[in-house]
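Asks: Quick one: sequence and predicted model below, then my questions.
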Amino acid sequence: MDKARERWPDAAGTELHQGDALAYLGETSTVFDAVFSVFGVAWFTDPGALLPAVHANLKPGGVFAFSQRPPVEGCYGCQASYIPRGPDEDPAIVKRWDYEPEIWCSLLKEYGFPEPTATVLPAPERDTRTTGTLLVRAVRGDRAQPVRVGKDLHAAVQVDVPADEKRGNRGRAGHSAGSRPGPQPPQDQ
């Protein structure tokens, strides 16, 4: 946060906040022009909880954009990883949600973003890494989303995330299989 304040000390109308994104979106009455996540909340939060919260806090025409690593082929939905800590501590458990670009687009449409785009940008040629970056952009439609409650969906206004899902959502994530809570993508893959 200090680096951001140093870099943009006079950015008119800019407020910086650090904390749990879902809690903040659930508590604020602010309507945003844009919400973005760079390898952050969009990767580490169940889209069934996140997308209604983002939609509710964006003005019509507002942009939701995020980036993250693309999914590992065959590993979709909620993935869990153990992140080593100290020698006398259990590892941190980190969950992340991995979907192919077209599945992200389908989920975003379901939650009121009518024309999302998603693409995988390749790693720079001069880089030793070979994994690209998934870049997703969606514009909120002009209608409010209805409150949706169901077995795998969360209410659009009140978003409750269990405390164990809020913990450990920082760090590098590995690749392992997991269950898929939240909205279910089409099964015709």
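Replies: Now that the structure is in, tell me what you want to look at.
Asks: And the helix or strand where residue 81 lies, what's buried?
Replies: Assigned by DSSP states H and E, residue 81 falls within strand 77-83. Buried residues in strand 77-83, defined by neighbour count with 16 or more other Cβ atoms under 10 Å: 77, 78, 79, 80, 81. (C-beta placed from N, C-alpha, C; glycine too.)
Asks: Convert it to PDB, retaining C-alpha atoms only.
Replies: Extracted C-alpha coordinates of strand 77-83, given in PDB (Å, rounded to 0.1, in the frame of the first residue of the first chain):
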ATOM      1  CA  GLY A  77     -12.900 -25.500 -10.700                       C
ATOM      2  CA  CYS A  78     -11.700 -25.200  -7.100                       C
ATOM      3  CA  GLN A  79      -8.100 -26.300  -6.600                       C
ATOM      4  CA  ALA A  80      -6.300 -26.600  -3.300                       C
ATOM      5  CA  SER A  81      -2.700 -26.300  -2.500                       C
ATOM      6  CA  TYR A  82      -0.600 -26.700   0.600                       C
ATOM      7  CA  ILE A  83       1.900 -23.800   1.000                       C
END
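Asks: What strands line up against it, and which way round?
Replies: With DSSP bridges as the test, strand 77-83 is paired with strand 92-98 (antiparallel).
Asks: Show the average pLDDT along the next helix or strand after the partner strand.
Replies: Toward the C-terminus, strand 92-98 is succeeded by helix 101-110 as the next helix or strand (DSSP H and E). In this model, helix 101-110 has an average pLDDT of 97.
Asks: from the chain's centre, how far out does helix 101-110 sit?
Replies: 12 Å (Cα atoms, centre = their mean, to the nearest Å).
Asks: In TSV: the buried residues of strand 77-83, plus pLDDT.
Replies: Below are the buried residues of strand 77-83 laid out as TSV (pLDDT from 0 to 100):
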residue	pLDDT
77	95
78	96
79	94
80	93
81	90
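Asks: Thank you, goodbye.
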